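> sequence? don't have it. structure:
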């Protein structure tokens, strides 16, 4: 397989993980593995989509002319996928190099929290109060997103994090550096590419992958 198994909650590789079978994390014990490519490519992305088996896999759409898909992954349990992540990388005039991660997950998986650098698996108690900071569009739905505090995040993480709910699942957007949050001032379109098939061959794939 072109994908390697990792813990969805931290950066530990998993021992004993197999397709559809849990692996063993030194910190979190038996967990459903996060399958992530050694190198972003069309072939590894189609392998990820096969494991996701229809679970939403979102990309900002359309990608800018100098942007590429730099990383992705899927958390797959014994019966079904429970989370996906994609990373797109490019440059802006204001921020220089920028990475954008989009995570869709069932509650409790912990992948969004990991990408955000949080200790816990959810956005925290202070999340969701007041007016949403930004909105994104998924098909005809306008999805509100609220900022997630990273004040207690692990390490020195220069990132902005937003989260909300789409189709009954957590939706996270993580932007690196933090100043790139201005990209979300215009309502972004997120496209679920889980059923896009051969059209994905036209997507640009290249690293390096961001740290998450």
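Cool, the structure landed. Source: prediction; values computed, not measured.
> name the element the residue located most distally from the centre of the chain belongs to?
Distance from the centre of the chain peaks at residue 130, with 24.8 Å (C-alpha atoms, centre = their mean). Here residue 130 is covered by no helix or strand, with elements defined by DSSP states H and E.
> ditto for residue 143
Residue 143 belongs to strand 141-147 when assigned by DSSP H and E.
> before we move on, back to that, from residue 84, how far out is the residue farthest from the centre of the chain?
In this structure, residue 130 lies at 29 Å from residue 84, with C-beta to C-beta, to the nearest Å as the measure. (C-beta placed from N, C-alpha, C; glycine too.)
> what's the answer for residue 162, then?
When C-beta to C-beta is the yardstick, residue 162 and residue 84 sit 17 Å from each other.
> quick one, which of these two is more surrounded?
In terms of neighbours (other C-beta atoms under 10 Å), residue 84 is the more surrounded of residue 162 and residue 84; the figures are 28 against 24.
> The more buried one is in contact with residue 104, isn't it?
Yes. Applying C-beta atoms under 8 Å, one finds residue 84 in contact with residue 104, separated by 5.4 Å.
> And the top strand by length along the chain, how far out from the chain middle?
With DSSP state E applied, the strand covering the greatest number of residues in the chain is identified as strand 81-92. Taking C-alpha atoms, centre = their mean, to the nearest Å, one finds strand 81-92 lying 5 Å from the centre of the chain it belongs to.
> So which bits of that strand are buried?
When neighbours are counted by 16 or more other C-beta atoms under 10 Å, the buried residues of strand 81-92 are found to be 81, 82, 83, 84, 85, 86, 87, 88, 89, 90.
> what packs against the helix or strand bottoming out on mean pLDDT in the chain?
Lowest mean confidence among the helices and strands of the chain (mean pLDDT, DSSP states H and E): strand 23-25, at a mean of 79. Counting contacts by 3 or more C-beta pairs under 8 Å, 6 or more residues apart in numbering; DSSP states H and E, the secondary-structure elements packed against strand 23-25 are strand 29-31.
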